[in-house]
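Asks: A structural model of the following input is requested.
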Amino acid sequence: MPAMDLALSIALGVGLAAAVGLRVFLPMLVMSVAAYTGHLALSGGFAWLGSASAIVMLGVAAILEIFAYYIPGVDNLLDAIAAPAALIAGIVVSAAVMTDLPPIVKWTTAVIAGGGAAGLTQGLTSLLRAKSTVMTGGLGNHVLATGEWGGALLVSLLALAFPVVAVALVAVFCWFAIRLVRRLFRKDSSAAPPPRSLAERS
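Replies: Sure, this is the predicted structure:
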């Protein structure tokens, strides 16, 4: 397999995995439709993802997941559930699109790069939602939820057409998200009252 094709294959897997961290089922639905229509080749053992039944099941799951994140309280609960689900899904979508690779290389790359990308994006958005819940009473969570599924769709489609660009976009998002999370937590720590001395306590 040429080095360029190998790099694009890995970038495609990482891009889709990062999108899975934003919404678990929507990127898998996009991948399934692309495979079903012949626009995406899947690795051996993952042909089921390109079937009509997979499209139906993933479509229903994606719709339910999107709307569930607009329900106050449920969105924070889903974040706890989505953490391991996103990690597993990120590994699966990465391995599914990394074709013509030796199994040991494919699965190692899928676990490290795919699982890592999904875990990173999912973790960052979970932290942002937690802070949004505290700062806005949950009112800002709807905006974040819309941005998440919109970003998941954008990154998924971009990964299919321009994998390297998709990975670059994810890297930029993670950079901004990390800076925002650090700023929010730093603001909280600075706003907290200083601990009282023993003399003051007595």
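Asks: can you list the weak-confidence ranges in this protein?
Replies: For the chain, the stretches flagged by pLDDT under 70 are 1-2, 187-202.
Asks: for it, which helix is longest?
Replies: helix 163-191 (DSSP state H).
Asks: elements contacting it?
Replies: Applying 3 or more CB pairs under 8 Å, 6 or more residues apart in numbering; DSSP states H and E, we find helix 163-191 packed against helix 3-22, helix 115-136, helix 141-161. No exception for glycine: its C-beta is placed from N, CA and C like everyone else's.
Asks: The first one - contacts with which helices or strands?
Replies: Read that as helix 3-22. Packing partners of helix 3-22 (3+ CB pairs under 8 Å, 6+ apart): helix 25-36, helix 74-97, helix 115-136, helix 141-161, helix 163-191.
Asks: at 10 Å instead, please
Replies: helix 25-36, helix 74-97, helix 103-109, helix 115-136, helix 141-161, helix 163-191 (3 or more CB pairs under 10 Å, 6 or more residues apart in numbering; DSSP states H and E).
Asks: returning to what we had before: tell me how far the longest helix of the chain is from the chain's mean position?
Replies: Chain-centre distance of helix 163-191: 14 Å, with CA atoms, centre = their mean, to the nearest Å.
Asks: got it, and stretch 39-51?
Replies: Remark: stretch 39-51 is offset 20 Å from the chain centroid, using CA atoms, centre = their mean.
Asks: Buried residues of the longest helix of the chain, list them for me.
Replies: Pro163, Val164, Ala166, Val167, Leu169, Val170, Phe173, Cys174, Ala177, Val181, Leu184 (16 or more other CB atoms under 10 Å).
Asks: Over to stretch 94-113?
Replies: In stretch 94-113, counting by 16+ other CB under 10 Å, buried: Ser94, Ala95, Ala96, Val97, Met98, Thr99, Leu101, Lys106, Trp107, Thr109, Ala110, Ala113.
Asks: Report the distance from it to the chain centre.
Replies: Here stretch 94-113 is found 18 Å from its chain centre; the criterion is CA atoms, centre = their mean.
Asks: Check stretch 127-135 too.
Replies: For stretch 127-135, the distance to the chain centre is 18 Å (CA atoms, centre = their mean).
Asks: Kindly report the same for stretch 78-94.
Replies: 8 Å.
Asks: okay, it in CSV with CA atoms only?
Replies: Only the C-alpha atoms of stretch 78-94 are listed here, as CSV (Å, rounded to 0.1, in the frame of the first residue of the first chain):
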residue,chain,number,x,y,z
LEU,A,78,-25.6,10.6,28.4
ASP,A,79,-22.1,12.1,28.7
ALA,A,80,-21.3,9.5,31.3
ILE,A,81,-22.6,6.7,29.1
ALA,A,82,-21.1,8.1,25.9
ALA,A,83,-17.5,8.0,27.2
PRO,A,84,-17.0,4.3,26.9
ALA,A,85,-19.3,4.1,23.9
ALA,A,86,-17.4,6.7,22.0
LEU,A,87,-14.1,5.0,22.7
ILE,A,88,-15.4,1.7,21.4
ALA,A,89,-17.1,3.3,18.4
GLY,A,90,-13.9,5.3,17.6
ILE,A,91,-11.9,2.1,17.5
VAL,A,92,-14.5,0.4,15.3
VAL,A,93,-14.9,3.1,12.7
SER,A,94,-11.1,3.5,12.4
